[in-house]
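Trainee: Sequence first, then the predicted structure, then my questions.
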Amino acid sequence: MKEHKTRIEKVRYAMADKGIDVFLLGPSSDMFYLTGYGVKADKRLFFLVLPREGSSGENQPFVLANLLYREQVSSLPSSGLLGDLIFWKDGEDPFEILKKEIEKRNIPMGRAALEASVPALFTVPLGQKFPETEFVLGSSLTEPLRQYKDESELEIIKAACRESDRALAALMDRGSYWLGKSETDFYNALQAELGKAGLGSFGAGIAAGANAAVPHHSVGPSLIENGKCFLVDFWAKLDGYFTDCTRTFFFGKPDSEFEKIHAIVLEAQSAAQEAVAIGKTLGDVDYAARSVIEKAGYGEYFTHRTGHGCGIDIHEGDSVNIGVDVPLAAGMVFSIEPGIYLPGRYGVRIENLVAVTERGAEVLHAYPRDLKIV
């Protein structure tokens, strides 16, 4: 595909700039970004070997994979970009095969970048096969590219966000049906609803009552009850890209302080979205949200960053946080999710994904942020 060819060329320019001879990638988010290959890694060595120079046949990329994955690799739309497909069988030494293929192609191994998720199971044998090689992390080659989404990526993320809005609405429209049901019941129903639209890699923090005061609460048997808040933070992947959204509800009549902190968080979230503009920084966006909460006297109860980059990984790139002086630029996608958490009582978080455009923030979620009382 055209975008994969462009991405590979950009990585090679970065390799030349950084003096890296070869980039070794296992099945990962980076490999998906460059090739569209999305099968998970296992204990069998699988590498995309990307030399710095690509002008001659001997320096074309190649793939080394176990024979089990022949069909998946061969059917990739971008397989024509990957050069030879070398398959090894169980019982063979894939590291020795890798070494011979690199030597046959005269690929320099002075300085090699490793994709960041390559496990020690592979890095230790690599060091033994190539004792003179300096191995460095390959994230410096891909993260600066992945932080800025192209139009094809943005369209997928927008579609994922639309489906997440639809799924949440479908469940919350059941209203009092949820009273007496557990966090796990809601989790399972939301996963199934998203699955109808083809979203996978689902995860969620479903928090009833005081559990909502724990920012990373694990879903459990706690019941959804009248007179309690209900926080729904969930993420899922469509065609390789994540959506991420949070809303906080209340079953029954909330007390005045809950209404107050929900209003504060909503104001903070809106202020951060309005602060998104070319030339400002991720730290500026964090400040816009944090200053609202601090001014209202709840600063100590906002215990995390305002947001995180999102794309192929649910958390990727730079954070929306204090002191992050990364300038905003078109194509960046990140969450804006301030919160207030009162231990033992309740918590409120509101989260949208936004894309940076020349006009400011394009909010990717349409599900209402106002307090919904069920």
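Mentor: Done, it's in. Numbers count the residues shown, from 1 in each chain.

Trainee: In space, what's closest to N321 - neighbours in sequence excluded?
Mentor: Nearest residue to N321, sequence neighbours excluded (Cβ to Cβ, 6 or more residues apart in numbering): R305, at 3.9 Å. In this view, the C-beta of every residue, glycine as well, is placed from N, C-alpha and C.

Trainee: Please report the number of neighbouring residues for the one you found.
Mentor: 18 (other Cβ atoms under 10 Å).

Trainee: Next: G195.
Mentor: With other Cβ under 10 Å as criterion, G195 counts 13.

Trainee: residue contacts, it?
Mentor: By Cβ atoms under 8 Å, 6 or more residues apart in numbering, the contact set of G195 is F202.

Trainee: P125 too?
Mentor: Applying Cβ under 8 Å, 6+ apart, the residues contacting P125 are F95.

Trainee: can you list the weak-confidence ranges in this structure?
Mentor: Low-confidence segments of the chain (pLDDT under 70): 54-58, 77-79.

Trainee: Identify each buried residue in the lengthiest helix in it, please.
Mentor: As assigned by DSSP state H, the longest helix anywhere in the chain is helix 151-172. Across helix 151-172, burial judged by 16 or more other Cβ atoms under 10 Å covers 153-154, 156-165, 167-168, 171-172.

Trainee: Let me know the closest of the residues you listed to P327.
Mentor: When those are compared for distance to P327 (Cβ to Cβ), L154 wins out at 19.0 Å.

Trainee: what's the burial count for the residue nearest to S152 when sequence neighbours are not counted?
Mentor: Using Cβ to Cβ, 6+ apart and skipping the chain neighbours, the partner closest in space to S152 is E3 (5.9 Å). Counted with other Cβ under 10 Å, residues neighbouring E3 total 15.

Trainee: E3 and L154 touch, don't they?
Mentor: No: counting by Cβ atoms under 8 Å, E3 does not reach L154; the two are 12.0 Å apart.

Trainee: State the three-state secondary structure for H262.
Mentor: Here H262 is helix, with the state taken from DSSP: H, G, I helix; E, B strand; the rest coil.

Trainee: what sits against it?
Mentor: H262 touches 248, 254, 348, 371, counting by Cβ under 8 Å, 6+ apart.

Trainee: export those residues to CSV and tack on secondary structure and neighbour count?
Mentor: Formatted as CSV, those follow (DSSP: H, G, I helix; E, B strand; the rest coil; neighbours: other Cβ atoms under 10 Å):
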residue, secondary structure, neighbour count
T248, strand, 27
P254, coil, 19
V348, strand, 29
L371, coil, 19
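
Trainee: Turn the residues you listed into TSV, including distance to L328.
Mentor: Putting these into TSV (distance: Cβ to Cβ, whole Å) gives the following:
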residue	distance to L328
T248	27
P254	35
V348	26
L371	29
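
Trainee: out of those, who's nearest S75?
Mentor: Among these, and counting by Cβ to Cβ, the member closest to S75 is T248, at 43.6 Å.

Trainee: which parts of stretch 298-307 are buried?
Mentor: Buried, per 16+ other Cβ under 10 Å, within stretch 298-307: 298, 301-302, 305-307.

Trainee: and the helix or strand containing G205, what does it pack onto?
Mentor: Element membership for G205 (DSSP states H and E) is strand 200-208. Judged by 3 or more Cβ pairs under 8 Å, 6 or more residues apart in numbering; DSSP states H and E, strand 200-208 is in contact with helix 183-196, strand 228-238.

Trainee: Which among those is found nearest to S75?
Mentor: Nearest of the helices and strands packed on strand 200-208 (Cβ to Cβ): strand 228-238, 20.3 Å.

Trainee: name the helices or strands packed onto the closest one?
Mentor: Partner elements for strand 228-238 (3+ Cβ pairs under 8 Å, 6+ apart): helix 151-172, helix 183-196, strand 200-208, strand 241-251, strand 346-349.

Trainee: Next, format these as CSV and append distance to E103.
Mentor: Listed next are the helices and strands packed on strand 228-238 as CSV, based on distance: least, Cβ to Cβ, whole Å:
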stretch, distance to E103
helix 151-172, 37
helix 183-196, 47
strand 200-208, 38
strand 241-251, 38
strand 346-349, 54
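
Trainee: Would you mind saying which of these lies nearest E358?
Mentor: From the helices and strands packed on strand 228-238, taking Cβ to Cβ, the stretch that ends up closest is helix 151-172, at 13.5 Å.

Trainee: contacts for the closest one?
Mentor: Contacts for helix 151-172 (Cβ under 8 Å, 6+ apart): 3, 149, 178, 186, 189-190, 193-194, 196-197, 199, 232, 234, 236-243, 245, 247, 249, 310-311, 331, 333, 353, 355, 364-367, 372, 374.

Trainee: Next, give phi and psi for the residue sitting furthest away from the middle of the chain.
Mentor: Distance from the C-alpha centroid of the chain, by Cα atoms, centre = their mean, peaks at K104 (37.4 Å). Dihedral angles of K104 (phi, psi; degrees, to the nearest 10) stand at phi -60, psi -30.
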